[in-house]
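J.: I'll drop the sequence and a predicted model, then ask my questions.
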Amino acid sequence: MTGGKNNHFVCESTHGEYGWKRIADRLGDHFFGCPDGLFLSHKKVCLMRSKKHEEELTDTKNRTGGKEKMNTILLENELKGNPYPGRGIVVGKSPNGKYAVAAYFIMGRSENSRNRIFVEDGEGIRTQAFDDSKLSDPSLIIYAPVRVLGNTTIVTNGDQTDTVYELMQKQQTFEQALRTREFEPDAPNYTPRISAMMKVEKGTYQYEMSILKSNQGNPVSCNRYTFQYSNPVAGEGHFIHTYMQDGDPLPSFEGEPKLVAMSDDMDSFTETLWENLNEDNKVSLFVRYIDIETGEYKTNIVNKNQA
């Protein structure tokens, strides 16, 4: 018996020896039904669906206009279950609807990557070496992750922050600016470039996210994805990161940004992120809460090397 998505099951049994009724008995209340007879190579294939799932699916479709709703993820569970998501961006709105929220973290496996801290730089931040004597290669690890252009906050995992900032000054859009860039040239990983833009203006808030990545590890092609979130829902945010998990080579992030729960309290949100990032690999964390009505902001920075 094998399970598929959404609790659909495909059961294969040898006809006459292990009939579908015996499988139904094993499934108990989860058995939904089995059509009478589809024989392939003397095997009966029975399609079953969980009653509970059927009810949940019907209820969800009623509430979402016929579409299945994306499940909200708790960031603490998502992070503690993954020792190496790499670099990550979270953007969303606080549950009270008052704050536009951004977070960015970096991790590292090598001494060079771990030898970094976040420091404030104007209204944004930049990375710098914690110990200059241990800095072996500044490319791809020393950059400005956060810059502010008027009422727009730009957050990225590389020097494309500068690209977006400079081209938006020339009236290009976030997406247009990123068309001039692609994934990082760090073969064989070809680390994705992930980016976000938050616009807070006259009591309104919207944001966009982007990922530029190789075509399943093939550097010949760059796959570009942009996600736009207008009038975001209070209490919801989206999380995108560079790697699905640890590996060699490191597997690029897949799918759309993950729907995550946000918090009204900046310090609590900062603690949740920092405490659930892998202890060995986490390096630095930036969190910012922007008042949507006034544009005023507060920032938290946590550096492992300065803890």
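T.: That came in fine, so what should we check first?

J.: how about Asp162, secondary structure?
T.: Using DSSP: H, G, I helix; E, B strand; the rest coil, the structure places Asp162 in helix.

J.: how about the strands in the stretch 1-150 of the chain?
T.: Here the stretch 1-150 of the chain has its strands, by DSSP state E, counting those that start in this stretch, at 2-3, 8-14, 39-40, 43-49, 88-93, 99-107, 116-121, 124-129, 146-149.

J.: and Glu293, how far from Met197?
T.: 20 Å (C-beta to C-beta, to the nearest Å). All C-beta atoms are positioned from the backbone trio N, CA, C, and that covers glycine.

J.: compare the two (neighbour count), which wins?
T.: The residue with more neighbours, out of Glu293 and Met197, is Met197; 25 against 13, by other C-beta atoms under 10 Å.

J.: pop the domain breakdown of the protein in here.
T.: Using automatic domain parsing, the domain parsing of the chain gives 2-63, 75-306.

J.: got CSV for those, with mean pLDDT too?
T.: Below are those laid out as CSV (pLDDT from 0 to 100):
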stretch, mean pLDDT
domain 2-63, 39
domain 75-306, 97
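
J.: deepest-packed of those domains, please.
T.: With neighbours defined as mean count of other C-beta atoms under 10 Å, the domains of the chain peak in mean count at domain 75-306, which reaches a mean of 18.

J.: could you work out the end-to-end span of that domain for me?
T.: With C-alpha to C-alpha, to the nearest Å applied, domain 75-306 spans 24 Å between its terminal residues.

J.: just stretch 168-179 next, same as before
T.: End-to-end for stretch 168-179, by C-alpha to C-alpha: 13 Å.

J.: so how far is it off the chain centroid?
T.: Stretch 168-179 has its C-alpha centroid displaced from the chain centroid by 23 Å (C-alpha atoms, centre = their mean, to the nearest Å).

J.: tell me which residues are up against it.
T.: Contact with stretch 168-179 is made by 149, 152, 154, 160, 163-164, 166-167, 193, 195, 197, 208, 210, 212, 224, 226, as judged by C-beta atoms under 8 Å, 6 or more residues apart in numbering.

J.: quick one: the most centrally placed residue in the chain from Thr226, how far?
T.: The centroid of the chain falls nearest to Ile240 when counting by C-alpha atoms, centre = their mean (2.2 Å). From Ile240 across to Thr226, the span is 11 Å (C-beta to C-beta).

J.: which neighbours do the two share?
T.: With C-beta under 8 Å, 6+ apart as the test, Ile240 and Thr226 both reach Met209.

J.: what segments of the stretch 51-200 of the chain are helices?
T.: For the stretch 51-200 of the chain, helices defined by DSSP state H, counting those that start in this stretch occupy the ranges 51-63, 75-80, 111-114, 160-169, 174-178.

J.: tell me what the second one is packed against?
T.: Spelled out, that is helix 75-80. Other helices and strands packing on helix 75-80, by 3 or more C-beta pairs under 8 Å, 6 or more residues apart in numbering; DSSP states H and E, are strand 258-261, helix 266-276.

J.: in a markdown table, list these along with distance to Tyr297.
T.: Shown next, in a markdown table, are the helices and strands packed on helix 75-80 (distance: least, C-beta to C-beta, whole Å):
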| stretch | distance to Tyr297 |
| --- | --- |
| strand 258-261 | 20 |
| helix 266-276 | 10 |
